[in-house]
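Engineer: I would like to see how this sequence folds:
(2 chains)
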There are 2 protein chains.
Amino acid sequence: MENFSFYSPTFFEFGKDAENNAGSLVKRFGGSKVLIHYGGGSVVRSGLLDRVKASLKASNVQFVELGGVKPNPRSGLVYEGIELCKKENVDFILAVGGGSTIDSSKAIAAGVVYDGDFWDFYMGKTIEQALPVGTILTIAAAGSEGSPDSVITKEEGMFKRGASGDAIRPRFSILNPALTQTLPAYQTACGITDIMAHLYERYLTNSTEVEVTDRMIEALMLTLVHEGPRVIENPNNYEARANILWAGMMAHNNACGVGRSQDWNSHNIEHELSATYDCAHGAGLAVTMPAVFTYVMNHNVMRFAQVAVRVWGCQMDFEHPEVTAKAGIKCLQNFLIALGMPKNFAELGANEKDIPQLVNTLCYGDGRTGSISGFVTLNTDDCTNIYKLML
Amino acid sequence: MENFSFYSPTFFEFGKDAENNAGSLVKRFGGSKVLIHYGGGSVVRSGLLDRVKASLKASNVQFVELGGVKPNPRSGLVYEGIELCKKENVDFILAVGGGSTIDSSKAIAAGVVYDGDFWDFYMGKTIEQALPVGTILTIAAAGSEGSPDSVITKEEGMFKRGASGDAIRPRFSILNPALTQTLPAYQTACGITDIMAHLYERYLTNSTEVEVTDRMIEALMLTLVHEGPRVIENPNNYEARANILWAGMMAHNNACGVGRSQDWNSHNIEHELSATYDCAHGAGLAVTMPAVFTYVMNHNVMRFAQVAVRVWGCQMDFEHPEVTAKAGIKCLQNFLIALGMPKNFAELGANEKDIPQLVNTLCYGDGRTGSISGFVTLNTDDCTNIYKLML
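Structural biologist: As a prediction, this is how the structure comes out:
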């Protein structure tokens, strides 16, 4: 196990009607004038936005609002949010939505108190300070509700890049499983896929002797394997939604990723897909993961065999561990397909002819010099081969 | 799953030489004059205390010190610590040791800023505020390094009681697995048993549909099953120590206990043993758990069968689930015995003739009216029968 620091100071309020605590939580964490940031109409139509406003009013918290966050959130709206907050003297950002809304809120929070261009943080500058952020989560997926991370897409060139810092960790996050019940099956499945990816990206490590975090990751994977099909079968299954919601947070606050190297190649390879085709991040991951894992499997066959046995219930083939390893990858893909996820470029809406451009942006964008690194270092040939495995 | 709040804002610094960050962490969390609180000579002999002092000096942090904490920490030393802190204008308590030292430090921290008798908090009064506490952990066991809990024994009558509150949660905890390598095998085994108990106490729930926390608890149990024998065989196995150390924290910061009712009858039944005989808490638990679980097993046979299959590797007897449930309890006891733990009253140094007194204090002490409640409510006859199962 490697040395590490772990810090997860977010206060979580979990359960039915938890959003009615929004006002008191904003006050507890120092807010007096809030930007309510959200996405499309579902937050409005469901009445959630009205309940949040009522809760803020009951606590004498003032607010302004800014909707319009899209999946793969854009820098344009972030600039707009920053201007609005400055003009209105906002001192707290309240995200009402999913990972995109939370990520957009984190970017605004960092940008408001920074003299330069907020995009600097997404090009590697350290986030020293930010307005406090709170969240009311409506989809189990990104884990942004308990993480210090944010991913934003810059419109010019559709560059999708991440920033990270304790200053943008949510002060509180409100998790009501009932709010996720109205989510369509496809988006629900995308969320489960994203959570599964956050677990695999941590599972694929070059660190040794990490039994405790291996076991915790497997525990969360097993939860998804059990609860995923239940929630697709019955979207109103509160209990299945609740288990997935907590698993989604635990998968990404890094409690089970500490003390070990992590991968994140699947996320990087996928980011080019969702940035280029504007497909759902989870759908892109469903196509990406089996291809990446198949390609890198021989780097550590026993690790893939371990997850195959412990999570997917495969019998260990002690004479041919690679058979077990492969079977586990196939189980993962079958699981994702059964949830309704795409299995290849065609179903995703991606195009073979774009592969050279995808590889180029992937391996040379963001200051990279011809490769991406993680569980295995992948050069342009490797990345080309991986995209071809998705055809 | 039940509604819940979860808050674990402790900063963890984990790894080799982590104690050298003590000074900078005290400063980061607002301390300028520290009480270093510790137990016996091992902290002095090992040179740890000197390294901590050097780290504080390097950060220009002043300190006074108070040693002498004993297992099952006593109120007398707490009063002494409170007086010393007041006299010396201490603004930060740094615990260097195990759960007893940390619990004693938490009691002092709450007592210094309170006008009345600190024992009020252990009789149920809410802890509103406390001096900040930091810890340098030397044994994986109590989980006090990441919990809001403290247990103190009052000399008069040897009453052992707990208090809890976010104000006494450690601001930071330093976890260096190497510091636990010098721990004798018996104490190491006691620690593992205590962690196992923290997991079983959460596992035995009357809440339903708690897959995610079930799986996380099982993950930590599986870690102990794997790493426990390794560390007893080779006390210097840093990696095994590291896995147990993180499992011990995760077992008790309640990340895997949220949204479900918990038991704690084994802890309550054991507390009378360690308070009466001054035996190690873990040793008492090793004798207590199999007796309690055998006695209450029929309350939910499938829950005991589940842990038997998932953690202890028992084959499920689908025709006679109680056979599997019993086999799991036997596996737990065999595991603890193999670690070097006692299996009955005689090995623990307890005495059958004291059972009436133990039951009386247990069921009528601390404002109780003839029973203790948890997974199952146990009256005086039940508790008598459970103690008799330990003979």
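Engineer: now stretch A:109-120: mean pLDDT?
Structural biologist: What stretch A:109-120 shows for mean pLDDT is 97.
Engineer: strands of the stretch 51-200 of chain A, start to end?
Structural biologist: A:62-66, A:92-97, A:133-137, A:149-154, A:159-164, A:172-175 (DSSP state E, counting those that start in this stretch).
Engineer: quick one: closest of the ones you listed to chain B.
Structural biologist: Closest to chain B of the strands of the stretch 51-200 of chain A, according to C-beta to the nearest C-beta: strand A:172-175, at 9.0 Å. For every residue, glycine as well, the C-beta is placed using N, CA and C.
Engineer: do the closest one and chain B meet at all?
Structural biologist: No. Taking C-beta under 8 Å from any C-beta of the partner chain as the criterion, strand A:172-175 and chain B are apart, separated by no less than 9.0 Å.
Engineer: please apply the same query to stretch A:293-307.
Structural biologist: No. Stretch A:293-307 does not reach chain B (C-beta under 8 Å from any C-beta); its nearest approach is 12.5 Å.
Engineer: what is the burial count for residue A:322?
Structural biologist: Counted with other C-beta atoms under 10 Å in any protein chain shown, residues neighbouring residue A:322 total 14.
Engineer: same question for residue A:4.
Structural biologist: So residue A:4, with other C-beta under 10 Å, has 17 neighbours.
Engineer: so it makes contact with residue B:14?
Structural biologist: Yes. With contacts defined as C-beta atoms under 8 Å, residue A:4 counts as touching residue B:14 at a distance of 5.2 Å.
Engineer: thinking again about what came up before, comparing the strands of the stretch 51-200 of chain A, which comes out most buried?
Structural biologist: Mean neighbour count (mean count of other C-beta atoms under 10 Å in any protein chain shown) peaks for strand A:133-137 among the strands of the stretch 51-200 of chain A, with a mean of 30.
Engineer: and the gap between residue A:374 and residue B:64?
Structural biologist: Distance of residue A:374 to residue B:64, given as C-beta to C-beta, to the nearest Å: 49 Å.
Engineer: got the contact list for residue A:263?
Structural biologist: Applying C-beta atoms under 8 Å, 6 or more residues apart in numbering or on different chains, we find residue A:263 in contact with A:200-205, A:374-375.
Engineer: ok, now residue A:161?
Structural biologist: With C-beta under 8 Å, 6+ apart, residue A:161 has these contacts: A:122-123, A:151-154, A:366.
Engineer: quick check: bridge partners of it?
Structural biologist: Legend: beta-bridge partners of residue A:161 under DSSP bridges are residue A:152.
Engineer: equivalent analysis for residue A:62, please.
Structural biologist: Assigned bridge partners for residue A:62, using DSSP bridges, are residue A:33.
Engineer: measure it to residue A:208 for me?
Structural biologist: As defined by C-beta to C-beta, residue A:62 lies at a distance of 53 Å from residue A:208.
Engineer: for the stretch 101-250 of chain A, what spans make up the helices?
Structural biologist: Ranges of helices within the stretch 101-250 of chain A are A:119-122, A:185-203, A:211-233, A:238-250, based on DSSP state H, counting those that start in this stretch.
Engineer: pretty sure residue A:10 sits in a strand.
Structural biologist: Yes. Per DSSP: H, G, I helix; E, B strand; the rest coil, residue A:10 lies within a strand segment.
Engineer: so how far is the helix or strand bottoming out on mean pLDDT in chain A off the chain centroid?
Structural biologist: Taking mean pLDDT, DSSP states H and E as the measure, strand A:159-164 is the helix or strand of chain A with the lowest mean score, a mean of 88. Strand A:159-164 has its C-alpha centroid displaced from the chain centroid by 12 Å (C-alpha atoms, centre = their mean, to the nearest Å).
Engineer: now stretch A:157-172
Structural biologist: Relative to its parent chain, stretch A:157-172 has a centroid offset of 11 Å by C-alpha atoms, centre = their mean.
Engineer: ok, now stretch A:93-108?
Structural biologist: On C-alpha atoms, centre = their mean, the centre of stretch A:93-108 falls 12 Å from that of its chain.
Engineer: again, but for stretch A:262-278
Structural biologist: So, by C-alpha atoms, centre = their mean, the centroid of stretch A:262-278 is 11 Å from its chain's centroid.
Engineer: pull out the buried residues from it.
Structural biologist: A:262-277 (16 or more other C-beta atoms under 10 Å in any protein chain shown).
Engineer: one step back: ok, so of the contacts of residue A:161, who is nearest residue A:253?
Structural biologist: The closest of the contacts of residue A:161 to residue A:253 turns out to be residue A:151 (C-beta to C-beta; 16.3 Å).
Engineer: what's the nearest residue to that closest one if we skip its chain neighbours?
Structural biologist: Residue nearest to residue A:151 in three dimensions, not counting chain neighbours: residue A:162, with 4.6 Å by C-beta to C-beta, 6 or more residues apart in numbering or on different chains.
Engineer: ok, the one you found to residue A:4 distance?
Structural biologist: As judged by C-beta to C-beta, residue A:162 and residue A:4 stand 20 Å apart.
Engineer: for residue A:249, same thing?
Structural biologist: Separation of residue A:249 from residue A:4 (C-beta to C-beta) stands at 19 Å.
Engineer: ditto for residue A:265
Structural biologist: Distance of residue A:265 to residue A:4, given as C-beta to C-beta: 21 Å.
Engineer: how about residue A:186?
Structural biologist: According to C-beta to C-beta, residue A:186 stands 36 Å off from residue A:4.
Engineer: out of everything not next to it in sequence, what's closest to the residue positioned nearest the centre of chain A?
Structural biologist: Nearest to the mean C-alpha position of chain A, counting by C-alpha atoms, centre = their mean, stands residue A:142 at 2.4 Å. Once flanking residues are discounted, residue A:142 sits nearest to residue A:99: 2.4 Å by C-beta to C-beta, 6+ apart.
Engineer: repeat that for residue A:46.
Structural biologist: In space, and not counting its chain neighbours, residue A:46 is closest to residue A:182: 6.1 Å by C-beta to C-beta, 6+ apart.
Engineer: swap in residue A:360?
Structural biologist: Residue A:360's closest residue in space is residue A:380 (C-beta to C-beta, 6+ apart), at 7.7 Å.
Engineer: chain B contacts on the stretch 1-150 of chain A?
Structural biologist: Residues of the stretch 1-150 of chain A lying near chain B (C-beta under 8 Å from any C-beta): A:1-9, A:11-16, A:18.
Engineer: need the overlap of contacts for residue A:4 and residue B:14.
Structural biologist: Counting by C-beta under 8 Å, 6+ apart, the shared contacts of residue A:4 and residue B:14 are A:258-259.
Engineer: and the residue sitting furthest away from the middle of chain A, how far from residue A:325?
Structural biologist: Using C-alpha atoms, centre = their mean, the residue of chain A lying farthest from its centre is residue A:319. It sits 37.5 Å away. Applying C-beta to C-beta, the value for residue A:319 to residue A:325 is 13 Å.
Engineer: now do residue A:144
Structural biologist: Taking C-beta to C-beta, one finds residue A:144 at 31 Å from residue A:325.
Engineer: higher neighbour count, the two?
Structural biologist: It is residue A:144, of residue A:144 and residue A:325, that has more neighbours when counted by other C-beta under 10 Å, with 30 against 26.
Engineer: excluding chain neighbours, what is closest to that one?
Structural biologist: Residue A:144 sits nearest to residue A:102 (C-beta to C-beta, 6+ apart), 4.0 Å away.
Engineer: next: residue A:176.
Structural biologist: Using C-beta to C-beta, 6+ apart, the nearest residue to residue A:176 is residue A:18, at 4.4 Å.
Engineer: circling back: now the contacts of residue A:263 in a markdown table, with neighbour count?
Structural biologist: Below are the contacts of residue A:263 laid out as a markdown table (neighbours: other C-beta atoms under 10 Å in any protein chain shown):
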| residue | neighbour count |
| --- | --- |
| A:200 | 23 |
| A:201 | 25 |
| A:202 | 25 |
| A:203 | 24 |
| A:204 | 25 |
| A:205 | 22 |
| A:374 | 21 |
| A:375 | 23 |
